[in-house]
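[1] what's the 3D shape of this:
(one chain, ligands or ions: 2)
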Amino acid sequence: MEDMTTTNPRFCELGDLLDATDFLRETRQHLHRHPELSLHEAATSELVATRLAQWGYEVTRNVGGYGVVGTLALGKGTRSVAVRADMDALPIAEETGKPYASEVAGVMHACGHEGHTTMLLGAAQQLAKTRNFAGTVHLVFQPAEEGEAGALRMIEDGLFERFPCDAIFGMHNHPGVASGTFLFGSGAFMSASDRALITIRGVGGHAARPHMTVDPVMIAGSLIMALQSVVSRNIDPRQIAIVTIGTVHAGVATNVIPESATLGLSIRSFDADVRDRLQQRITDLVSAHVEGYGGRVEIDYERGYPVLVNSAAETEFAREVAEELVGPERVVAPFGPVTGSEDFAFYLQRKPGCFLRIGNGESSAMVHSAHYDFDDANLTVGAAYWTRLVERFLAQAA
Ligand SMILES: [Zn+2]
Ligand SMILES: [Zn+2]
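    Ligands and ions are numbered 1, 2, ... in the order given. This next block holds a predicted model:
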């Protein structure tokens, strides 16, 4: 049999996936009904692995936890490409009122990962059916994106050694932008995400005798305002940096000055030097500030996901594929940067590639909202996109 890519240069088009529309919607809504938290994606990964095996993929289970890799190698091509979807849900009680709403109390797919998984399954089915490429595709179904660094778990379990690839691609839905619109940004595209837990220790006592205490509540209040100076006075105004104080905890009674107060910070940045500077300034400022008031402080500063950096050539390639598929009016480039974080950043520290976004509807609720729902209209376009991207990538000269 001749190599299809040389005799048939036609790549996947939107209309090719129309027959799959019902199947994809049913799959997505099934996954939506049965969400699984990070590190618990047993049934989801089972469904993924079973389908991939049915379609003729070589399936590897339990990569970095419940991760699944489906591999299909065709023809004599030497190139290899990986496409990743995430599978996990969130500890949120769903309030969409949809007929296919979560059947698991307090757990829901509020980030659309079941949509990402279904789009990639749609591409898996189409690629296996048309077999219109020569080379190797690895479809990576990743667990534990929501704060548990599933990407790093798969990498540490040998993902890139066991499933070598020339580049890796991934996609996330994007509320607030029309469905089916593709968004691309080269370079630093999503932020690094770090957190700090600050525990201020004072001397507790009676509310009526404050002079005999060291009041951690007053110190915390002063510190909340002082921390706002880090971004405005210590970071180059041309850079993006965010310091948000998301939690404040202290005290149980109005007539008691408590022993301690805690602040929880979320810190975002798009540049390694800015990230270091934020950590240094926050640490120095907090220490000096609390000590200045006579208190003691413990700072637990934890680095989370790194800056997500898209490589230029692969981002341009991914943009071209979208433009061919849906036309330039449904492609936005450059877009962003986006001040959220993604563990896909770990893949991009090791391989060239692109993490792109697809609109989820202008009126869509934000991700991580109890009212959020993935737009099924994206399933066929997303599946067609991944199919065409794989075909095009593997058709390129090595
Ligand atoms: Zn999320
Ligand atoms: Zn997400």
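
[2] where does the stretch 1-150 of the chain have low pLDDT?
    1-8 (pLDDT under 70).

[3] Mind jotting down where the strands sit in it?
    58-63, 67-74, 80-86, 135-142 (DSSP state E, counting those that start in this stretch).

[4] Dump those into CSV; add distance to residue 314 and mean neighbour count as well.
    C-beta coordinates here come from the backbone N, C-alpha and C atoms, glycine included. Below are the strands of the stretch 1-150 of the chain laid out as CSV (distance: least, C-beta to C-beta, whole Å; neighbours: other C-beta atoms under 10 Å):
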stretch, distance to residue 314, mean neighbour count
strand 58-63, 23, 16
strand 67-74, 20, 22
strand 80-86, 10, 25
strand 135-142, 15, 27
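
[5] I'd like those strands written out as CSV, with distance to residue 17 added.
    Below are those laid out as CSV (distance: least, C-beta to C-beta, whole Å):
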stretch, distance to residue 17
strand 58-63, 22
strand 67-74, 17
strand 80-86, 15
strand 135-142, 16
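
[6] mind checking which of the ones you listed is nearest residue 378?
    With C-beta to C-beta as the criterion, residue 378 lies closest to strand 80-86 of these, at 12.6 Å.

[7] C-alpha coordinates for that closest one, CSV please?
    In CSV, the C-alpha atoms belonging to strand 80-86 read as follows (Å, rounded to 0.1, in the frame of the first residue of the first chain):
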residue,chain,number,x,y,z
SER,A,80,6.4,11.8,16.1
VAL,A,81,3.9,14.1,17.7
ALA,A,82,2.1,14.1,21.1
VAL,A,83,-1.3,15.7,21.9
ARG,A,84,-2.4,15.9,25.4
ALA,A,85,-5.9,16.2,27.1
ASP,A,86,-6.5,16.5,30.9
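
[8] orientation of it relative to strand 67-74 in degrees?
    Angle of strand 80-86 versus strand 67-74, following axes from the mean of the first three to the mean of the last three C-alpha atoms, to 10 degrees, is 150 degrees.

[9] Which elements pack onto strand 80-86?
    Using 3 or more C-beta pairs under 8 Å, 6 or more residues apart in numbering; DSSP states H and E, the elements in contact with strand 80-86 are helix 113-130, strand 135-142, strand 167-174, helix 377-395.

[10] What lies in contact with that strand?
    Outside of strand 80-86, the residues within contact range by C-beta atoms under 8 Å, 6 or more residues apart in numbering are 113, 116-117, 119-120, 123, 135-143, 145, 150-151, 163-171, 344, 347, 351, 353, 386, 389-390, 393-394.
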